[in-house]
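# coordinates for the following, if possible.
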Amino acid sequence: MTEKIKEQILAIRESGVTNMFDVNRVQYEANKRGFYELVVFLIDHRAEYCRFILTGESEETD
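Prediction:
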């Protein structure tokens with residue numbers, strides 16, 4: 001997970017528009033905001049996303 005994706009996740013969380021475990025809605029909101037990196041990330045990395053939401057931990061990649 002890149003720093004940019006983390007920032008996009010946190011921006012959606014801070015907005016309060018959805019429960020962050022509603023991954024489909026998070027993906028919808030990401031698309032609406034132009035966070036295309038997050039939209040694509042959520043397709044293949046849901047487990048990593050959920051771990052980040054629960055623990056704040058992630059594996060750094062570029």
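# CA only for contacts and neighbour counts going forward, please
Noted.
# quick one, helices of the chain?
Residue ranges of the helices in the chain, as given by DSSP state H, are 3-15, 23-33, 36-44, 46-55.
# what's in contact with stretch 28-43?
Stretch 28-43 has contacts (C-alpha atoms under 8 Å, 6 or more residues apart in numbering) with I5, Q8, I9, I12, V23, Q27, Y49.
# what's the local residue count around the fifth one?
What that stands for is V23. V23 is flanked by 17 other residues according to other C-alpha atoms under 10 Å.
# residue contacts, it?
So V23 contacts L42, R46 (C-alpha under 8 Å, 6+ apart).
# quick one on the thing from earlier: got JSON lines for the helices of the chain, with mean pLDDT too?
Shown next, in JSON lines, are these (pLDDT from 0 to 100):
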{"stretch": "helix 3-15", "mean pLDDT": "96"}
{"stretch": "helix 23-33", "mean pLDDT": "97"}
{"stretch": "helix 36-44", "mean pLDDT": "96"}
{"stretch": "helix 46-55", "mean pLDDT": "94"}
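# which of the contacts of stretch 28-43 are buried? Put it as a ChimeraX command.
To isolate the buried ones among those in ChimeraX, judged by 16 or more other C-alpha atoms under 10 Å, type:
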select :5,8,9,12,23,27,49
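# distance to E37 added to the contacts of stretch 28-43, as TSV?
Formatted as TSV, those follow (distance: C-alpha to C-alpha, whole Å):
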residue	distance to E37
I5	7
Q8	9
I9	10
I12	13
V23	14
Q27	10
Y49	13
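# residue nearest the centroid of this structure?
Centroid-nearest residue in the chain, with C-alpha atoms, centre = their mean: I9, separated by 3.8 Å.
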